[in-house]
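In: Below are the sequence and a predicted model; questions follow.
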Amino acid sequence: MPSRLRPQIEGWLLLLPAAVLLALFTHYPTVATAIDSLFSTPRGARGAVYVGLDNYAEMAGDPVFWQALGNNLVFALGTVPAAIALALLMALLVDRKLAGRDFVRLAYFTPTVLPMIAVANIWLFFYTPGYGLVDQLLHLLGAPSHNWLGSRGTVLPCLMVMTVWKEAGFFMIFYLAALQQIPPSLGEAAALEGASRWTIFRRVTFPLLMPTTLFVLVNALINSFRLVDQIIVMTEGGPDNASMLLLYYVFEVGFKYWDTAYAAALTVLLLALLAALALTQFLYFDRRVHYR
Amino acid sequence: MKRLTRRAVLGGAAAMGVALGARRATAAPVRLNFYFPVAVGGPITKIIDGMVADFEKEHADVTVNAIYSGSYQDTTAKALTAVKSGEPPHLAVALSTDMFTFIDEDAILPFDEIAGSGGKTWLDGFFPAFMANSRAEGRVWGVPFQRSTIVLYWNKTAFRAAGLDPDKAPATWDEMRGFAGKLTRRSGADVAQWGVEIPSSGFPYWLFQGLTTENGAILMNEAGNEVYFDKPEVVEALQYMVDLGRKWQVMPQGIIEWGTTPQDFFERKTAMMWTTTGNLTNVRANAPFPFGVAMLPAQKRRGSPTGGGNFYLFKKTSPAERQAALAFVQWMTTPERAAEWGIKTGYVAVRPDAWTTPAMKRYVANFPAAAVARDQLEFAVAEFSTHDNQRVTKILNDGLQAALTGEKHPAQALADAQSEADRVLRPYRRS
């Protein structure tokens, strides 16, 4: 009996540190946040009282929340496909034998290594009206200067361009690793059959990359809801909430307005949204992805 | 359960402060944790550490742990988090406008109560304009420390090139608009130099409050539970701000970034700019041309809001700690110290008697621009501050940005902001 129990106990002991950390810093806060979202925000001497779903009802009538949600969807739709396409393109480019390949790979990967805060500060000056890099380049083409981050129409696209630039290099690494796993014989066989390079990519390479694409898609989608450092540095959600994203709104409600209960409710919604996204992707697309 | 929850979720940020605080524990009877933000350029932490060391030399029984706590925003967040975790700092420098936030969180103590009757002379010795953001419910909750106002900087070379008197700043709204028109240089569809820039990113309400004050309007009551965004004077002020860009085209349209406005000035992208006196040292060091500093132009009157940070004393501390914290604040705001702080940082020295110290007299004689902010204090008003301050401020900011980007007419934007702010402030009107 003890001899049969021992491996069990050892196994649990090995799992324990990770389990404790996860429970303490991930699971417990998640549950606590869900509970907090059902109470009012305590203010000084006034304690929290149970309010049921009031915080969620407030959300329904909060125009800034709806704008943030809408912006976030636009942001995700704008950045995820573009980042994935760019990552794949870059990976295909640097997978081939070409002079200075390592240098090009490094160059593509550099934006990923830089901290988002630093990147955002650099791009803040790129977008500066008049003498910023973007305006200087456009000036050469004879275009007038534009207030990129200060106009409602351009602020979100500007942030999206920067995010794609920042993210693509990271996803490229996954594609590069996946490309090197594909046996060259498959491509050679197809070439013998007389297939063009485009056909080889479409019929052989791309299908074999699908597991990677799924993985990258999940990560990119989650990142589009998770990364808001650039908002803090560049726009603070402005002008007039035109660049407000959900997570930044949670931060603002929680740590600027100190309405912690409402922030908890927003967090729960964000979590539910991400969970739904991840589940749909894994349950639905997983069946349609070709695994070797 | 509730308490535990909040501690776990918010405790992370506090833990850092506590750990730092424990570092310099000594055998001294009283040990104070002091949070301070850095909001302007320059070696602020070094200056603070130097002043703290001087204080400790004179007060052997008190140790002060000066803890750099990030931006103003971070400092308030860290202090309130620490309060919720049950280990508040003894004192902190935070935005004067966060007073109502601290009161509503039941986090701070009134200075007049701790200082007793002897403290009255001390508290009466500050500029009244700076004390306007310290009083509520008949008490004094904040002591002015690193304070500023908005001033107008102008490029004298550009003025001369435009045929204007390089030593004369615009004194009225009409003059500023006229000067800006002459200073705006176009090349084809593009503008090589704008007449003026009034920043509108981040916290446009502060600069806008300069305009409303000049137009004779006040934005909130002293109790901080009513706002007056939809008054005609306020709408006129916003109309003027919008028209500078859209109608008269002497200022860039849309949102003007606060952070890059001084850079625009150095790069000669704008000939005039509105910004804080806290940028004085920065402009003095970096402007490649002779520049002037002036009070903001008048419409019905002169005017500017004050800005910057006050000292706060926190609850949940022992009487001995409170007295030591009070002694530290009093020591930091003596005329000599206030003058030293002002000269080293560019902030406006907070007491009239600081300006009569020999050091300050020498400084002003060498650099008369430094006195402009002081002279403007006579016309200065309390910075916009209400209950649920950040939320109400954000509502006003959104309205201003909606008008500046052409999304709404000024009257509509301010009417919307008024009804939204009324909704937030309604609970604070019942006592």
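Out: Nice, I can see it.
In: hang on, isn't B:Ala92 packed against B:Leu32?
Out: No - at 10.7 Å, B:Ala92 does not count as touching B:Leu32 under the criterion of Cβ atoms under 8 Å. Just so you know, the C-beta spots here come from the backbone N, C-alpha and C atoms, and that holds for glycine as well.
In: Low-confidence bits of the stretch 101-250 of chain A, can you list those?
Out: Within the stretch 101-250 of chain A, no range satisfies pLDDT under 70.
In: Kindly report the same for the stretch 301-431 of chain B.
Out: In the stretch 301-431 of chain B, residues with pLDDT under 70: B:431.
In: ok, which residues in it are in contact with chain A?
Out: B:Asp388, B:Gln390, B:Arg391, B:Lys394, B:Asn397, B:Asp398, B:Gly399, B:Gln401, B:Ala402, B:Leu404, B:Thr405, B:Glu407 (Cβ under 8 Å from any Cβ of the partner chain).
In: cutoff 7 Å now
Out: B:Asp388, B:Gln390, B:Arg391, B:Asp398, B:Gln401, B:Ala402, B:Thr405, B:Glu407 (Cβ under 7 Å from any Cβ of the partner chain).
In: circling back: ok, B:Ala92 and B:Leu32, which is more surrounded?
Out: B:Ala92 (29 against 23; other Cβ atoms under 10 Å in any protein chain shown).
In: For that one, which non-adjacent residue is closest in space?
Out: B:Tyr35 (3.9 Å; Cβ to Cβ, 6 or more residues apart in numbering or on different chains).
In: what's that neighbour in contact with, if anything?
Out: Residues in contact with B:Tyr35, defined by Cβ atoms under 7 Å, 6 or more residues apart in numbering or on different chains, are B:Ile67, B:Ser69, B:Thr75, B:Lys78, B:Ala79, B:Pro89, B:Ala92.
In: How far off centre is the helix or strand encompassing it?
Out: Element membership for B:Tyr35, per DSSP states H and E: strand B:30-36. Chain-centre distance of strand B:30-36: 23 Å, with Cα atoms, centre = their mean, to the nearest Å.
In: swap in stretch B:111-119?
Out: Taking mean C-alpha positions (Cα atoms, centre = their mean), stretch B:111-119 and its chain are 25 Å apart.
In: Quick check: buried residues in it?
Out: For stretch B:111-119, burial by neighbour count (16 or more other Cβ atoms under 10 Å in any protein chain shown) applies to B:Phe111, B:Asp112, B:Ile114, B:Ala115, B:Gly119.
In: Okay, the third one and B:Phe311: tell me how far apart.
Out: Spelled out, it's B:Ile114. 12 Å (Cβ to Cβ, to the nearest Å).
In: Look at B:Val293 and tell me its secondary structure.
Out: Secondary structure, DSSP: H, G, I helix; E, B strand; the rest coil: B:Val293 is strand.
In: For it, the count of nearby residues, please.
Out: Neighbour tally, B:Val293, other Cβ under 10 Å: 21.
In: repeat for A:Trp66
Out: A:Trp66 has 12 nearby residues by other Cβ under 10 Å.
In: Kindly report the residues of the stretch 51-200 of chain A close to chain B.
Out: A:Thr128, A:Pro129, A:Gly130, A:Tyr131, A:Pro144, A:Ser145, A:Asn147, A:Leu149, A:Gly150, A:Ser151, A:Arg152.
In: quick one on the thing from earlier: what's the closest of the contacts of B:Tyr35 to B:Met272?
Out: Nearest to B:Met272 out of these is B:Thr75 (Cβ to Cβ; 31.9 Å).
In: Now for that closest one: which residues touch it?
Out: Contacts of B:Thr75 by Cβ under 7 Å, 6+ apart are B:Tyr35, B:Pro37, B:Ser69, B:Ala92, B:Ala94.
In: One more: B:Val143?
Out: B:Phe111, B:Ser134, B:Asn310, B:Phe311, B:Val329, B:Thr333.
In: Which stretches in the stretch 151-300 of chain B count as strands?
Out: B:185-187, B:190-197, B:270-276, B:291-294 (DSSP state E, counting those that start in this stretch).
In: In CSV: the ones you listed, plus distance to A:Thr260 and mean pLDDT.
Out: CSV is the format used below for the strands of the stretch 151-300 of chain B (distance: least, Cβ to Cβ, whole Å; pLDDT from 0 to 100):
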stretch, distance to A:Thr260, mean pLDDT
strand B:185-187, 51, 87
strand B:190-197, 37, 92
strand B:270-276, 31, 95
strand B:291-294, 42, 95
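In: So, low pLDDT: which residues of the stretch 1-150 of chain B?
Out: For the stretch 1-150 of chain B (pLDDT under 70), the answer is B:1-28, B:41-42.
In: Just give me the neighbour total for whichever residue of the stretch 51-200 of chain A sits closest to chain B.
Out: The stretch 51-200 of chain A approaches chain B most closely through A:Gly150 (3.2 Å), counting by Cβ to the nearest Cβ. The tally of other residues near A:Gly150 (other Cβ under 10 Å) stands at 26.
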